[in-house]
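Undergrad: Sequence plus the predicted model coming up.
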Amino acid sequence: QVQLVESGGGSVQAGDSLRLSCAASGRTFSTYVMGWFRQAPGKERDFLAAISEIGGITSYADSVKGRFTISRDNAKNTVYLQMNSLQPEDTAVYYCAAAGGTWSQYQSDYKYWGQGTQVTVSS
C-alpha cells in the first residue's frame, strides 16, 4: 500500500513556473514507476509524465514536452513535477500516481493515486 500526497499547486500568471511535489508513504517507493496526470474542468484525466523506479527513464506527453520535467528523490520518497512557461490551458487538478512495476502512460496501470492539487493559470 502506498499513500500519495501532492502539494505545490496554486494560482499563477501565464509564463510563471511551479513545482509540484508528491510525497509517498511506505518503504517501497523506489519499486514504483511514478506518473503525473491532470484533469481540466469538463475533460478527461490526461497523462503528463512518467519516471522509472530509479529515475533513469522519463516520458512526457507532447503537450508538456520541453516545459515540464519529472524527477524523483527516492531517499525522500518524493516525486516532483517542475512546470515552466505555464499557460491558461494548463489549469487543472494535478495528480500523482504509482504504478507497480509497469511502465505505462495509461491510468488503468496506476494502482495508487493522490488526492490532487489545483493549478490555476491566469492570462
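TA: On my side now, so go ahead.
Undergrad: Spatially central residue for the protein, please.
TA: W36 (2.4 Å; C-alpha atoms, centre = their mean).
Undergrad: Tell me, how many residues neighbour L20?
TA: Number of residues near L20 (other C-beta atoms under 10 Å) recorded here: 24. Bear in mind the C-beta positions are built from the backbone N, C-alpha and C, glycine included.
Undergrad: Enumerate every residue touching it.
TA: 6-9, 36, 80-81, 83, 94, 96, 117, 119 (C-beta atoms under 8 Å, 6 or more residues apart in numbering).
Undergrad: so where do the strands sit in the protein?
TA: Counting by DSSP state E, residue ranges of the strands within the chain are 4-7, 10-13, 18-24, 32-39, 45-51, 58-60, 68-73, 78-83, 92-100, 112-113, 117-122.
Undergrad: Quote the end-to-end distance of stretch 42-62.
TA: Taking C-alpha to C-alpha, to the nearest Å, stretch 42-62 runs 21 Å from one end to the other.
Undergrad: go on, stretch 24-42?
TA: 28 Å.
Undergrad: Repeat that for stretch 2-14.
TA: Distance across stretch 2-14, first residue to last, is 34 Å (C-alpha to C-alpha).
Undergrad: before we move on, what about stretch 16-36?
TA: End-to-end distance (C-alpha to C-alpha), stretch 16-36: 19 Å.
Undergrad: and if you look at stretch 37-54?
TA: 20 Å.
Undergrad: before we move on, what about stretch 27-38?
TA: First-to-last residue span, stretch 27-38, C-alpha to C-alpha: 26 Å.
Undergrad: about what we covered before: so which of the contacts of L20 comes closest to K111?
TA: If you rank the contacts of L20 by distance to K111 using C-beta to C-beta, C96 comes first, at 12.4 Å.
Undergrad: Need the strands of the chain in a markdown table (columns: mean pLDDT).
TA: As requested, these are exported to a markdown table (pLDDT from 0 to 100):
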| stretch | mean pLDDT |
| --- | --- |
| strand 4-7 | 98 |
| strand 10-13 | 98 |
| strand 18-24 | 98 |
| strand 32-39 | 97 |
| strand 45-51 | 97 |
| strand 58-60 | 97 |
| strand 68-73 | 98 |
| strand 78-83 | 98 |
| strand 92-100 | 95 |
| strand 112-113 | 96 |
| strand 117-122 | 98 |
